[in-house]
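Visitor: predicted model, plus sequence, below.
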2 protein chains.
Amino acid sequence: MLRDRVCQKLRQQILSGELPPHTRLPSEANLMKSFGVSRVTVRQGMRTLAGEGLIYSLQGRGSFVSAPRATYNLSALLGFHEAMRSMPFNATSRLLSFRQVAADREVAIALKVKRGDSVVEIRRARCLNGRPVSLDLSYFPRDIGERLQNQNLDGDIFPLLESRGVRLGRSRLWIEARGCPEAYAVDLSVAPGTPILQLSRLTLSPLGRPIDYEYLFCRGDAFQYKVELERHPF
Amino acid sequence: MLRDRVCQKLRQQILSGELPPHTRLPSEANLMKSFGVSRVTVRQGMRTLAGEGLIYSLQGRGSFVSAPRATYNLSALLGFHEAMRSMPFNATSRLLSFRQVAADREVAIALKVKRGDSVVEIRRARCLNGRPVSLDLSYFPRDIGERLQNQNLDGDIFPLLESRGVRLGRSRLWIEARGCPEAYAVDLSVAPGTPILQLSRLTLSPLGRPIDYEYLFCRGDAFQYKVELERHPF
DNA sequence: CAGTGGTCTAGACCACTGT
DNA sequence: CAGTGGTCTAGACCACTGT
């Protein structure tokens, strides 16, 4: 179909990052010419992309690439790629480092190990449409972290752990807003001090053993987070 | 706008129940004539309604009224009307009975009262677009149920309770499929034995006191239920 | 076969934005 | 003012369904 050609071309350019967020798309008149189709057909294609959340239009000004704002349902206990699978975004991860470190106070308490005990730290950057949206710092008890050694960590860790015999149960989540620490500013492409969301998530085995304590430093403009809440916090 | 006239007229007919689910709408050609608009305008209106989930189209056959299939997020601890507020459906409730009864075994355990103790029972029918979708049986400890006496129970009970000083905390939910009991078949407009969903929901105060034990007998074709799950039940 | 929705064209007038 | 997206018309050809 003609309209699909318009969709696919623009979608590819957006998902690849070639057209970054808030870029103006060619005008409808230009798209008519370059694709050799009528205006209705151009508009049907644009409407499809708008429905996917990839573009938005402003009368008198033009159509623009949306900033990806995926809904990340944190209570479903899904990894980043699992959660993004149903979204019209191109989700990628990049392993930054994998090392053994001494547990600091917070990590030690969360993972129920002694302060200074050796734990496995994994740092990864998550991208949507080629732009960084979050930085993940995960800490695992040593015996569990070792099962991830020499694995491909560009995907989700949860399914990987499960395939290696680690069962997951429930997780607990804390959310706060803070200024972006200098150490993470470059990887997130924001200025230090920019308000970001920090999520801390502890995932437990079905029997309550700590499996993973994770910090996510998230650009606030990238996600909508969803957490099922009690009616009133108490 | 012309297309809005098409939308509004059809939407009103669907929400009022005048056009029941699976009814064929007038053909696009007929709508063009009766509204005096072009085909594109008719189709834009139809697309809006399809986006709202109110109609669906089959090539070569026609366009039809959708069966309302709302997503009812049960874990959010919302009442029926609260949950439906964002849906394009016309949600109504009807009080069937309000009485004091002796607690049977299951209710007594759930509400932590003695078997045979007096509890308040409220029976209500819930409708979407004028058609019955579920039958609710709610049981309250007597002191709480009494606060609902002489209240308007056509809306949600949760906000009503809260306005009368009862705080709600969390709820637990059980789901099962069963044949529709004869006693409820008429109110649900199904034949006895038709597979329906039975939900049992116990709602607790923030301090863990049982507030409400509720059975929902739901037509399976009316809802999509959503419950956040643990990764693996255990 | 007649009737349905799916796709597409060429053209019009409009409201709105920015210069 | 020129350029943008928003709405709408009249008409065409098509694939599909049911008789």
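Guide: Perfect, thanks for sending it.

Visitor: what about chain A, any weak spots by pLDDT?
Guide: Where chain A drops to pLDDT under 70, the residues are A:68-88, A:173-178, A:195, A:220-234.

Visitor: now do the helices in it.
Guide: According to DSSP state H, chain A carries its helices in the segments A:2-15, A:28-35, A:39-51, A:80-84, A:105-111, A:142-145, A:157-163, A:182-188.

Visitor: could I get those as a markdown table with distance to B:C180 and mean neighbour count?
Guide: Where C-beta positions appear, they are placed from N, C-alpha and C, glycine not excepted. Formatted as a markdown table, those follow (distance: least, CB to CB, whole Å; neighbours: other CB atoms under 10 Å in any protein chain shown):
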| stretch | distance to B:C180 | mean neighbour count |
| --- | --- | --- |
| helix A:2-15 | 45 | 17 |
| helix A:28-35 | 53 | 15 |
| helix A:39-51 | 38 | 18 |
| helix A:80-84 | 36 | 20 |
| helix A:105-111 | 48 | 17 |
| helix A:142-145 | 48 | 16 |
| helix A:157-163 | 39 | 18 |
| helix A:182-188 | 54 | 16 |
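
Visitor: relative to B:F158, which of those is closest?
Guide: helix A:80-84 (29.4 Å; CB to CB).

Visitor: give me the spatial nearest neighbour of A:G169, chain neighbours excluded.
Guide: Residue nearest to A:G169 in three dimensions, not counting chain neighbours: A:P206, with 3.9 Å by CB to CB, 6 or more residues apart in numbering or on different chains.

Visitor: isn't the one you found right up against A:S171?
Guide: No - in this structure A:P206 lies outside contact range of A:S171 using CB atoms under 8 Å: 11.8 Å.

Visitor: looking at the two, which has the bigger crowd around it?
Guide: Neighbours per residue (other CB atoms under 10 Å in any protein chain shown) separate A:P206 from A:S171, with A:S171 holding more: 20 against 14.

Visitor: ok, the more buried one - contacts?
Guide: Shown in contact with A:S171 (CB atoms under 8 Å, 6 or more residues apart in numbering or on different chains): A:77, A:201-204.

Visitor: quick one: which of the residues you listed is most hemmed in?
Guide: Going by other CB under 10 Å, A:T203 tops the contacts of A:S171 with 23 neighbours.

Visitor: enumerate the residues of chain A near DNA strand D.
Guide: A:25, A:27-30, A:39-40, A:43, A:46, A:57-63 (CB under 7 Å from any atom of the strand).

Visitor: filter these by proximity to DNA strand C?
Guide: Okay, of the residues of chain A next to DNA strand D touching DNA strand C (CB under 7 Å from any atom of the strand), that's A:39-40, A:58-61.

Visitor: related to what we said a few turns ago, which of the helices of chain A sits closest to B:P20?
Guide: Of these, nearest to B:P20 by CB to CB is helix A:39-51, at 28.1 Å.

Visitor: that closest one and chain B, any residue contact?
Guide: Yes - judged by CB under 8 Å from any CB of the partner chain, helix A:39-51 comes into contact with chain B at A:40, A:51.

Visitor: helices or strands next to that helix in the packing?
Guide: Judged by 3 or more CB pairs under 8 Å, 6 or more residues apart in numbering or on different chains; DSSP states H and E, the packing partners of helix A:39-51 are helix A:2-15, helix A:28-35, strand A:55-58.

Visitor: tell me the angle of it relative to helix A:2-15?
Guide: Inter-element angle recorded for helix A:39-51 and helix A:2-15: 40 degrees (by axes from the mean of the first three to the mean of the last three CA atoms, to 10 degrees).

Visitor: now the angle between helix A:28-35 and helix A:39-51, please.
Guide: Here helix A:39-51 runs at an angle of 110 degrees relative to helix A:28-35 (the same axes, to 10 degrees).

Visitor: send me helix A:39-51 as PDB with only the CA atoms.
Guide: What follows is helix A:39-51, C-alpha atoms only, in PDB (Å, rounded to 0.1, in the frame of the first residue of the first chain):
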ATOM      1  CA  ARG A  39      -2.500  14.400   0.400                       C
ATOM      2  CA  VAL A  40      -5.100  12.000   1.800                       C
ATOM      3  CA  THR A  41      -2.600   9.200   1.600                       C
ATOM      4  CA  VAL A  42       0.100  11.200   3.200                       C
ATOM      5  CA  ARG A  43      -2.200  12.100   6.000                       C
ATOM      6  CA  GLN A  44      -3.400   8.500   6.600                       C
ATOM      7  CA  GLY A  45       0.200   7.500   7.000                       C
ATOM      8  CA  MET A  46       0.900  10.400   9.400                       C
ATOM      9  CA  ARG A  47      -2.200   9.500  11.400                       C
ATOM     10  CA  THR A  48      -0.900   5.900  11.800                       C
ATOM     11  CA  LEU A  49       2.400   7.200  13.000                       C
ATOM     12  CA  ALA A  50       0.700   9.600  15.400                       C
ATOM     13  CA  GLY A  51      -1.400   6.700  16.700                       C
END
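
Visitor: quick check: domain ranges of chain A?
Guide: The record assigns chain A these domain ranges, following automatic domain parsing: A:2-65, A:70-226.

Visitor: could you pull up phi and psi at the closest residue to DNA strand C within chain A?
Guide: Here chain A gets closest to DNA strand C at one residue, A:G60, 2.5 Å apart by CB to the nearest atom of the strand. The phi and psi values for A:G60, taken as degrees, to the nearest 10, are phi 80, psi -10.

Visitor: enumerate every residue touching A:D136.
Guide: Taking CB under 8 Å, 6+ apart, one finds A:80, A:122-126, A:214-217 in contact with A:D136.

Visitor: what's the closest non-adjacent residue to A:L137?
Guide: Nearest residue to A:L137, sequence neighbours excluded (CB to CB, 6+ apart): A:Y215, at 4.4 Å.

Visitor: that neighbour and DNA strand D, how far apart?
Guide: According to CB to the nearest atom of the strand, to the nearest Å, A:Y215 and DNA strand D sit 40 Å apart.

Visitor: so that residue sits right up against A:S134, yeah?
Guide: No - the pair A:Y215 / A:S134 is not scored as a contact, 9.9 Å apart, by CB under 8 Å.

Visitor: quick check: closest non-adjacent residue to A:L15.
Guide: In space, A:L15 is closest to A:N90, 4.2 Å off (CB to CB, 6+ apart).

Visitor: give me the neighbour count for that neighbour.
Guide: A:N90 is flanked by 18 other residues according to other CB under 10 Å.

Visitor: check contacts around it.
Guide: A:15-16, A:128-130.

Visitor: cool, and A:R124?
Guide: Contacts of A:R124 by CB under 8 Å, 6+ apart are A:93-96, A:135-136, A:138, A:153.

Visitor: try it again at 6 Å.
Guide: Shown in contact with A:R124 (CB atoms under 6 Å, 6 or more residues apart in numbering or on different chains): A:93, A:95-96, A:136.

Visitor: which of those ranks first by neighbour count?
Guide: Most surrounded of these: other CB under 10 Å gives A:D136, at 21 neighbours.

Visitor: ok, back up a step: possible to save the domains of chain A as CSV with distance to B:R5?
Guide: Below are those laid out as CSV (distance: least, CB to CB, whole Å):
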stretch, distance to B:R5
domain A:2-65, 20
domain A:70-226, 32
